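Participant: Below is the structure, and that's it, no one-letter string:
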C-alpha cells in the first residue's frame, strides 16, 4: 500500500463509527462470525493476568478504541487503569460506559465470558463494578508522537496493553518501530507489555468504511521488540481459518504476546 493512501488518525477522527465497531466485533463474546478470534484473545488475557505474575499500581491501555475487553481480566490486579484513544468518539463511548450513561454499550456478555473462563467467584456485575472503579481516566493518545499522551505526561506504568492499534496507526514499518518505542517508553524497567496485533492484514471495514493496516510478519514484531531490549516470554498465534472470506478484513493471523522490558 502506498503510504500516501494510508488512513491515519485524522481520517479516523472523521470517519470511524465507534458504536458500529463495538456492535460489530464485541456484541457477541465469540466475536464477529467471520473473525472468531475474540475468544482466543480473552483466553490469553485471562491466563496472563489470573496467573498473578503481573500486578501493580498502574496499567495503561494504549489505543483502546471504544472497547474495555483488554482490561477485564487485568482489573483485579492493577489499582489505576488508564484507557486511551485518538478519536473523540471512541473516548466518548468509553466515558459513557464508565458513567453508566443511558444507551451505553452493554459489555455484560463479554464480561460473563471472562468470568466463566476464570471460574471467577465474583459475578459479572461485581467485576464490572471493580473495573469501573479502577479505570480512573480516559485520555487522548497519538502513538505517532514521542509522548503519545501529549500534552499530558503519564506516570511510569507497571503494565502496558495495546491491541490492534499500531498496525492501524502506522503507515510504514519505520513509523511502526518508532511508535512501539514511544508506547513502551511509559513502561517502568521490568514492566510487562501485553500486545495483540494482526499479521498479514492490509485492511478492515467498519460500517462500510475501509481502514488501512500495515502488513506485519511475526519476525517484524519480534525483531522490533528485541531491538528495544524486551524479552519475549510468550508469543501465541491464532491463524485465520477463513482467510479467503474478506467481508470485514484480510488478516492472516492474530498474535498475542507478553514481553518484559529490560531492567
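Facilitator: Perfect, thanks for sending it. Just so you know, these numbers come straight off a predicted model, no measurement behind them.
Participant: contacts, neighbours, all on C-alpha from now
Facilitator: Will do.
Participant: next one: the one helix or strand residue 41 maps to to chain centre, how far?
Facilitator: Assigned by DSSP states H and E, residue 41 belongs to helix 38-50. Taking Cα atoms, centre = their mean, to the nearest Å, one finds the center of helix 38-50 at 12 Å from the center of the full chain.
Participant: tell me which strands and helices whatever helix or strand comes next after that helix is in contact with?
Facilitator: Using DSSP H and E, the helix or strand that follows helix 38-50 towards the C-terminus is strand 56-62. Packing partners of strand 56-62 (3 or more Cα pairs under 8 Å, 6 or more residues apart in numbering; DSSP states H and E): strand 78-85, strand 157-163.
Participant: Which other helices and strands does the following helix or strand past the last one contact?
Facilitator: Proceeding N to C from strand 157-163, the next assigned helix or strand is helix 166-169, under DSSP H and E. Applying 3+ Cα pairs under 8 Å, 6+ apart, one finds that helix 166-169 contacts helix 173-184, strand 187-199.
Participant: What average pLDDT does helix 166-169 get?
Facilitator: In this model, helix 166-169 carries a mean pLDDT of 98.
Participant: circling back to that earlier point, any chance of the helices and strands packed on helix 166-169 in TSV, plus mean pLDDT?
Facilitator: Formatted as TSV, the helices and strands packed on helix 166-169 follow (pLDDT from 0 to 100):
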stretch	mean pLDDT
helix 173-184	98
strand 187-199	98
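Participant: and residue 115, which of the ones you listed is closest to it?
Facilitator: Of all the helices and strands packed on helix 166-169, it is strand 187-199 that lies closest to residue 115, at 19.9 Å by Cα to Cα.
Participant: gap between the closest one and the chain center?
Facilitator: The answer for strand 187-199 is 10 Å, by Cα atoms, centre = their mean.
Participant: For that strand, buried residues please.
Facilitator: 187, 188, 191, 192, 193, 194, 195, 196, 197, 198, 199 (16 or more other Cα atoms under 10 Å).
Participant: for the stretch 101-250 of the chain, which spans come out with low pLDDT?
Facilitator: Applying pLDDT under 70 to the stretch 101-250 of the chain flags the ranges 120, 242-245.
Participant: same thing but 50
Facilitator: Within the stretch 101-250 of the chain, not a single segment meets pLDDT under 50.
Participant: Show me where it has its strands.
Facilitator: 135-140, 157-163, 187-199, 203-206, 209-212, 230-239 (DSSP state E, counting those that start in this stretch).
Participant: one step back: just put the buried residues of strand 187-199 in a markdown table and tack on distance to residue 86.
Facilitator: Below are the buried residues of strand 187-199 laid out as a markdown table (distance: Cα to Cα, whole Å):
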| residue | distance to residue 86 |
| --- | --- |
| 187 | 20 |
| 188 | 23 |
| 191 | 24 |
| 192 | 23 |
| 193 | 20 |
| 194 | 20 |
| 195 | 18 |
| 196 | 18 |
| 197 | 17 |
| 198 | 19 |
| 199 | 22 |
